[in-house]
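Chemist: What would the 3D arrangement of this be:
(chains A and B)
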Protein chains: 2
Amino acid sequence: MGKYCFGVDVGGTTVKLGVFNTDGDLLEKWEIPTVTEDGGKKILPDIARSILREMDEREMERDEVVGVGIGAPGPVDSEGTIYGAVNLGWGTFSLKKELQILLNLPVEAGNDANVAALGEMWQGGARGYRNVVLVTLGTGVGGGIIVEGKILPGSTGAGGEIGHLHVNDKETIPCNCGNKGCLEQYVSATGMVRMAREKLAAQRREGILSRIPADKLCAKDVWDAVKAGDPLAAEVAEDFGWYLGKAMAGVACVVNPEIFVIGGGVSKAGDILIDYVQKNYSKYAFRGCKGALFTLAKLGNDAGIYGAAKLVLD
Amino acid sequence: MGKYCFGVDVGGTTVKLGVFNTDGDLLEKWEIPTVTEDGGKKILPDIARSILREMDEREMERDEVVGVGIGAPGPVDSEGTIYGAVNLGWGTFSLKKELQILLNLPVEAGNDANVAALGEMWQGGARGYRNVVLVTLGTGVGGGIIVEGKILPGSTGAGGEIGHLHVNDKETIPCNCGNKGCLEQYVSATGMVRMAREKLAAQRREGILSRIPADKLCAKDVWDAVKAGDPLAAEVAEDFGWYLGKAMAGVACVVNPEIFVIGGGVSKAGDILIDYVQKNYSKYAFRGCKGALFTLAKLGNDAGIYGAAKLVLD
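Modeler: Numbering: from 1, shown residues only, chains lettered A, B, ... in the order given. Prediction:
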């Protein structure tokens, strides 16, 4: 009987790996570099070698391992096919089958943001819930949707791409995706800094943020200033909460989750961020969805390995 | 072995019933009145009696019937509990269990709009697809989401309530739900008429629509005028397409369907309606979702009984 499972989270710089027991305890985690040269063709062999070495060191038998789950930064469908991962140099192929061949173990694969949502449901901020939306606020905005305990990958692996919800008809600057007015343009770390800079330039107001050199300003500075009572920073936080709360009300009309989990670097601001979002969510949410909860993510950078491991337990 | 199944679609005035073979052929359909007095307590017994009589007339054995599916106009969760149906006088109870007790047959229950989406997937406009969004444009706007062949009911039965997606920040008139700027306020039959009246009042332009008495104007008049080349009606159609296309691009960022099916009375306008929507969808959709198809619903008022029957075959 399987007692262990592995979770793998492939990033552009490092691959995170973890070994878990089937109760969901992380026994050990480690990292290896992501070798993106030659179309990233070494990445899966490196992962396989690292897992087999760990099994060897722990004197694990093959039949003690339920399987290996892997999350990767690209669209992955319900069959485990990845449709390209620009940061890794990967094209389209069956991530699930390729790793399965290298390991001779059951493998399941998913998109990294979706897999992180599964991790937060399993052992993180949404533990105990089965209908979950994770929003990851980092340099960009990622998302993952869990319906009845399972990832919603979407027909082409673009399920939960909530960073690209259209939220502003008046935007003139394009998003990285090419569209204009995407949620990511306002509530990512980059987006918050842009909103702050625009307000500083337009208002020429003295305050905490005006004393920080424009090229050094980061999202943490904005939230620190909000906490210190800075009026301009509070305006940025209001706009942040309005965009995100309104967008989550839209997401709720579609998938009607029990709980929203906010993660990523920006979420380190803490509970104050939840307050700004929830206030606007309540205003815009359809009555049947108003009871949804909001919470902060708990697993940080480990959400990916947790969720990947959970993939093979389902 | 089961050879037949029943589909029931409960409306505010009539209950539609159908008997199908398990290949999905509708063998017979009929209607009974919906008796809403006394908190609608006669509705389920009336349905049960009608089904048992049909079985009797067809000399069906109980073990030849796979089961009975039922769709009702209220939020229904994955366990078959309905959380009230205002039009029927119903409160919260297990629709599935109550009908099961009356029939002594397997029963499955769902929300009427969600069940209609399942019907369109099974034998209608989305036949052959497994990731489907149905938008029903009637007096209001309903929706149903099918993920990997199954209804997405949502945690409180409010999944697919896409009529209440917020699409207009400037709206001052409240929607029936109490919020302002819901999709339903623009793309329902009522919404199209309102947009046409507002343009007529503001512009005092002569044209096809200005010759129809304001209290007689209906959505069909608007589409007929669009087809006849009326410029004001074309503006209404542009706005209709902009609201619906933009909203569907948002839905795609969440559930990434293969196909959108447009149904309800307004969809009788035909393919011209699809053109207006798809143009705007393509503009706003995230790149991974741009390939989604658009089509018209095919089953009309029978979508509900088809989908209800399919509930018990899954």
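Chemist: Please count neighbours and contacts with C-alpha atoms only from this point.
Modeler: Will do.
Chemist: Can you show me the CA trace of the strand or helix carrying A:L102 as CSV?
Modeler: Using DSSP states H and E, A:L102 sits in helix A:95-103. Provided in CSV are the C-alpha atoms of helix A:95-103 (Å, rounded to 0.1, in the frame of the first residue of the first chain):
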residue,chain,number,x,y,z
LEU,A,95,3.7,16.2,-19.0
LYS,A,96,2.0,13.4,-17.3
LYS,A,97,3.2,10.6,-19.6
GLU,A,98,6.7,11.9,-20.0
LEU,A,99,7.4,12.0,-16.3
GLN,A,100,5.5,8.6,-15.9
ILE,A,101,7.9,7.0,-18.3
LEU,A,102,11.0,8.4,-16.5
LEU,A,103,9.8,7.3,-13.1
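Chemist: Who are the packing partners of it?
Modeler: helix A:43-57, strand A:81-85, strand A:107-111 (3 or more CA pairs under 8 Å, 6 or more residues apart in numbering or on different chains; DSSP states H and E).
Chemist: Quick one: neighbours of A:D314, just the number.
Modeler: 8 (other CA atoms under 10 Å in any protein chain shown).
Chemist: Could you check how far it is from A:W122?
Modeler: A:D314 is 11 Å from A:W122, where distance means CA to CA, to the nearest Å.
Chemist: now A:K96
Modeler: Distance from A:K96 to A:W122, by CA to CA: 21 Å.
Chemist: What of A:G80?
Modeler: Noted for A:G80: a distance of 20 Å to A:W122, by CA to CA.
Chemist: Confirm A:G250 sits in a helix?
Modeler: Yes. Assignment of A:G250 by DSSP: H, G, I helix; E, B strand; the rest coil places it within a helix.
Chemist: Could you pull up the residues touching it?
Modeler: By CA atoms under 8 Å, 6 or more residues apart in numbering or on different chains, the residues touching A:G250 are A:285, B:165-166.
Chemist: Go again with 10 Å.
Modeler: By CA atoms under 10 Å, 6 or more residues apart in numbering or on different chains, the contact set of A:G250 is A:165, A:167, A:244, A:256, A:281, A:284-286, B:161-162, B:164-167, B:247, B:250-251, B:254.
Chemist: quick one: A:L26 and A:F6 touch, right?
Modeler: Yes. Taking CA atoms under 10 Å as the definition, A:L26 is a contact partner of A:F6 at 9.5 Å.
Chemist: neighbour-wise, which of those two wins?
Modeler: A:F6 (29 against 19).
Chemist: For that one, what are phi and psi?
Modeler: Main-chain dihedrals, A:F6, degrees, to the nearest 10: phi -110, psi 140.
Chemist: and it, how far is that from chain B?
Modeler: Distance, A:F6 to chain B, using CA to the nearest CA, to the nearest Å: 27 Å.
Chemist: cool, A:G71 as well?
Modeler: 18 Å.
Chemist: looking at this, that residue is in a helix?
Modeler: No. Checked against three-state DSSP, A:G71 lies outside a helix; its state is strand.
Chemist: show me what contacts it?
Modeler: Neighbours of A:G71 in contact, by CA under 10 Å, 6+ apart: A:7-11, A:15-16, A:80, A:95, A:108-116, A:304-305, A:307-309, A:311.
Chemist: Out of those residues, which sit inside helices?
Modeler: A:95, A:112-116, A:304-305, A:307-309, A:311 (DSSP state H).
Chemist: mind giving me TSV with the residues you listed and columns for pLDDT and distance to B:A126?
Modeler: As requested, the ones in helices among the contacts of A:G71 are exported to TSV (pLDDT from 0 to 100; distance: CA to CA, whole Å):
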residue	pLDDT	distance to B:A126
A:L95	98	29
A:D112	94	30
A:A113	94	29
A:N114	96	26
A:V115	97	29
A:A116	97	32
A:G304	97	35
A:I305	98	37
A:G307	98	32
A:A308	98	32
A:A309	98	35
A:L311	97	30
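Chemist: would JSON lines of those with neighbour count be doable?
Modeler: Rendered in JSON lines, the data for these read as follows (neighbours: other CA atoms under 10 Å in any protein chain shown):
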{"residue": "A:L95", "neighbour count": "22"}
{"residue": "A:D112", "neighbour count": "28"}
{"residue": "A:A113", "neighbour count": "28"}
{"residue": "A:N114", "neighbour count": "34"}
{"residue": "A:V115", "neighbour count": "35"}
{"residue": "A:A116", "neighbour count": "35"}
{"residue": "A:G304", "neighbour count": "33"}
{"residue": "A:I305", "neighbour count": "32"}
{"residue": "A:G307", "neighbour count": "32"}
{"residue": "A:A308", "neighbour count": "34"}
{"residue": "A:A309", "neighbour count": "37"}
{"residue": "A:L311", "neighbour count": "26"}
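Chemist: farthest-separated two in those residues?
Modeler: Across the ones in helices among the contacts of A:G71, the longest distance by CA to CA is 17.3 Å; it joins A:L95 and A:A116.
Chemist: Low-confidence regions, the stretch 1-150 of chain A specifically.
Modeler: In the predicted model, the stretch 1-150 of chain A carries pLDDT under 70 at residues A:1.
Chemist: tell me which of the ones in helices among the contacts of A:G71 is nearest to chain B?
Modeler: The closest of the ones in helices among the contacts of A:G71 to chain B turns out to be A:N114 (CA to the nearest CA; 11.5 Å).
Chemist: Leaving out the residues flanking it, which one is nearest to that closest one?
Modeler: Distances taken as CA to CA, 6 or more residues apart in numbering or on different chains put A:G144 closest to A:N114, at 4.0 Å, once the chain neighbours are dropped.
Chemist: thinking again about what came up before, which neighbours do A:L26 and A:F6 have in common?
Modeler: With CA under 10 Å, 6+ apart, A:L26 and A:F6 have common neighbours A:18-20, A:305-306, A:309.
Chemist: Doesn't A:G143 lie inside a helix?
Modeler: No. Read with three-state DSSP, A:G143 is strand and lies in no helix.
Chemist: what residues are up against it?
Modeler: A:G143 touches A:111-117, A:133-137, A:158-164, A:261-263, B:253-254, counting by CA under 10 Å, 6+ apart.
Chemist: now with 8 Å?
Modeler: By CA under 8 Å, 6+ apart, the neighbours of A:G143 are A:113-114, A:117, A:133-136, A:160-163.
Chemist: now A:V68, what's its secondary structure?
Modeler: Secondary structure of A:V68, per three-state DSSP, is strand.
Chemist: Would you mind measuring from it to B:P45?
Modeler: 52 Å.
Chemist: Count the residues that sit near A:R58.
Modeler: Neighbour number of A:R58 under other CA under 10 Å is 9.
Chemist: Relative to A:L27, how far out is it?
Modeler: Distance from A:R58 to A:L27, by CA to CA: 11 Å.
Chemist: Same check on A:A126?
Modeler: 21 Å.
Chemist: which of these two has more neighbours?
Modeler: A:A126 (27 against 10).
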